[in-house]
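Asks: Fold the following, please.
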Amino acid sequence: MEEISIDGSMLEGGGQILRTSTALSALTGKPLKVFNVRAKRSPPGLRMQHITAIRSVAALVDAETEGLKVGSKEIKFIPRTIKGGSFSFDIGTAGSVTLVLQALTPVSAYAPKKVFVEIKGGTNNQWAPPIEYMQHVFFPTLKHMGFDGSVSLIRRGFYPKGGGIVRASLNPVKILNPINLTGKPKVLRIWGLAYSCRLPSHIPQRMVKSVEEFLRKKGFTELNLEIEDLQPQHGKCSIDPGCGIILVAELENGFRIGADCLGELGKPAEKVGLEAASSLYEQLVREAMVDFHLADQLIIWISLAEGVSTFYTAKLTLHTLTSIEVCKQILGAKFKVEGELGKPATITCEGIGLKNKFL
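Replies: From the prediction side, this is the model:
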């Protein structure tokens, strides 16, 4: 089969190109070469979380790989047959477990049997969805497409040591259903979790208070905001101190919109809460059905689904456009994008209707 060649510097030029192209190579059986890996990042080339993501997909398809070392700017991936079973991966740093999970989940959907996976690394990171987002937004959305997956948090992991643990259960599907996420969403309630490890208990409490004040002023009264305050004696507590908050708006049609903010040294807890609340409110005001993080994560799924999918998102990101381009190049999926970068947009895709050959 002819090798696919993907330029890792195109558009967003980051790790998403690697994760998406590797997953699609595994699903199509086409050998893959990615060059100019993470050319627009500093430093460029592979980091440990990207290597772990590629290795995780490789384990699912018995793939041969080349160039998997830190700093490498070119990789090759030669897939064989998808398999199910139990797997364990350790990033070895605070690299994001959720980004590894993003890479292997679409491949697991087309496995001959259920996939169980344990991943060690960072569970709550800058520039990556927190584990709660996967639990409360990502997997519930995929359920509407016919895919049944879940992930449990065993231990939190923050920068710099990581050490977090998650366990996922991923069920194969015969074919993915299309989705239609347009129209004006009605918010039923907003759920939230302010979490902290090895920090004073007033920190998550202050996050929650700032969120409550902001959202109530905006007219949202159905709020269920929880606090998770973990100290070293708790088995779920991270190795390093850390904190953050996630907010999830539950919509009338059963879908969800999320927003989050990770705590930083020197950033007041009130500001952490306010940033998450402002981000959520901005998307709800724009009457989005898909938040801008979910938008880029959905692209590979609607590309694989049978039929036409359409969704409206609050902000068109370069991540989303990059994922679209990779799916067009490898799968030949057809897309229509109505909207400008950084503005609300409607995305329509005619999926290829990939069927699970094992079911």
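Asks: Hmm, F214 and Y281 touching each other?
Replies: Yes - Y281 lies in contact with F214 (C-beta atoms under 8 Å); the separation is 7.4 Å. Every C-beta, even on glycine, is put in place using the N, C-alpha and C of the backbone.
Asks: which SSE is the closest residue to V187 other than its chain neighbours in?
Replies: Nearest residue to V187, sequence neighbours excluded (C-beta to C-beta, 6 or more residues apart in numbering): A249, at 5.0 Å. Element membership of A249 [criterion: DSSP states H and E] is strand 242-251.
Asks: What of V337?
Replies: strand 334-339.
Asks: got the angle for the helix or strand following that strand vs strand 334-339?
Replies: Sequence-wise, the next helix or strand downstream of strand 334-339 (DSSP H and E) is strand 345-350. Counting by axes from the mean of the first three to the mean of the last three C-alpha atoms, to 10 degrees, strand 345-350 lies at 170 degrees to strand 334-339.
Asks: partners of strand 345-350, with directions?
Replies: strand 308-313 (antiparallel), strand 334-339 (antiparallel) (DSSP bridges).
Asks: mean confidence for it?
Replies: Strand 345-350 shows a mean pLDDT of 97.
Asks: can you give me how far that strand is from the chain middle?
Replies: 19 Å (C-alpha atoms, centre = their mean, to the nearest Å).
Asks: Stretch 83-100 now?
Replies: Taking mean C-alpha positions (C-alpha atoms, centre = their mean), stretch 83-100 and its chain are 13 Å apart.
Asks: start to end distance for that stretch?
Replies: End-to-end distance for stretch 83-100, by C-alpha to C-alpha, to the nearest Å: 17 Å.
Asks: Pull out the buried residues from that stretch.
Replies: 84, 87, 89, 91, 93-100 (16 or more other C-beta atoms under 10 Å).
Asks: Report the separation between the two terminal residues of stretch 286-298.
Replies: End-to-end for stretch 286-298, by C-alpha to C-alpha: 19 Å.
Asks: thinking again about what came up before, isn't the residue nearest to V187 right next to I190, touching?
Replies: Yes - at 5.1 Å, A249 counts as touching I190 under the criterion of C-beta under 8 Å.
Asks: list the residues that contact both of those two?
Replies: Both A249 and I190 are in contact with L280, where contact means C-beta atoms under 8 Å, 6 or more residues apart in numbering.
Asks: so what's R167 bridging to?
Replies: Beta-bridge partners of R167, as defined by DSSP bridges: E118, S152.
Asks: list the contacts for it?
Replies: Residues near R167 by C-beta under 8 Å, 6+ apart: 116-118, 151-152, 154.
Asks: Please apply the same query to R19.
Replies: 50, 53, 99, 102-103.
Asks: now N177, what's its secondary structure?
Replies: At N177 the chain is in coil, as set by DSSP: H, G, I helix; E, B strand; the rest coil.
Asks: surely it meets L304?
Replies: No - checked against C-beta under 8 Å, the pair N177 and L304 is beyond contact range at 10.8 Å.
Asks: who has more neighbours, those two?
Replies: L304 (27 against 14; other C-beta atoms under 10 Å).
Asks: first to last residue in stretch 342-354, what's the distance?
Replies: Stretch 342-354: ends 31 Å apart by C-alpha to C-alpha.
Asks: Can you classify the residue nearest to Q102 when sequence neighbours are not counted by secondary structure?
Replies: The shortest distance from Q102 to any non-neighbouring residue, by C-beta to C-beta, 6+ apart, is to R19 (5.9 Å). Under the three-state scheme (three-state DSSP), R19 adopts helix.
Asks: What distance do you get for R19 to K236?
Replies: 27 Å (C-beta to C-beta, to the nearest Å).
Asks: can you check L225 too?
Replies: Distance from L225 to K236, by C-beta to C-beta: 19 Å.
Asks: between these two, which one's more packed in?
Replies: L225 (19 against 14).
Asks: Make a PyMOL selection of the buried ones in the contacts of R19.
Replies: Buried residues among the contacts of R19 (16+ other C-beta under 10 Å), as a PyMOL selection:
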select buried, resi 50+53+99+102+103
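Asks: Among the contacts of R19, name the ones in helices.
Replies: In this view, the contacts of R19 that belong to helices under DSSP state H are 50, 53, 99, 102-103.
Asks: Stretch 153-165: which residues count as buried?
Replies: 153, 155-159, 162-165.
Asks: Next, give me the two most distant ones among these.
Replies: L153 and Y159 (16.8 Å; C-beta to C-beta).
Asks: what comes up buried for stretch 105-112?
Replies: 105-111.
Asks: Return stretch 310-329 as PDB; C-alpha atoms alone will do.
Replies: Listed in PDB are the C-alpha atoms of stretch 310-329, where the atom choice follows Å, rounded to 0.1, in the frame of the first residue of the first chain:
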ATOM      1  CA  THR A 310     -23.100  19.200  11.100                       C
ATOM      2  CA  PHE A 311     -22.200  21.200  14.100                       C
ATOM      3  CA  TYR A 312     -22.000  24.900  15.200                       C
ATOM      4  CA  THR A 313     -19.100  26.000  17.400                       C
ATOM      5  CA  ALA A 314     -18.400  29.200  19.200                       C
ATOM      6  CA  LYS A 315     -14.900  29.700  17.800                       C
ATOM      7  CA  LEU A 316     -13.200  28.200  14.800                       C
ATOM      8  CA  THR A 317      -9.600  27.300  15.900                       C
ATOM      9  CA  LEU A 318      -6.500  26.500  13.900                       C
ATOM     10  CA  HIS A 319      -6.500  23.100  15.700                       C
ATOM     11  CA  THR A 320      -9.900  22.400  14.100                       C
ATOM     12  CA  LEU A 321      -8.800  23.500  10.600                       C
ATOM     13  CA  THR A 322      -5.600  21.400  11.000                       C
ATOM     14  CA  SER A 323      -7.600  18.300  11.900                       C
ATOM     15  CA  ILE A 324      -9.900  18.800   8.900                       C
ATOM     16  CA  GLU A 325      -6.900  19.000   6.600                       C
ATOM     17  CA  VAL A 326      -5.400  15.800   7.900                       C
ATOM     18  CA  CYS A 327      -8.700  13.900   7.600                       C
ATOM     19  CA  LYS A 328      -9.200  15.300   4.000                       C
ATOM     20  CA  GLN A 329      -5.700  14.200   3.000                       C
END
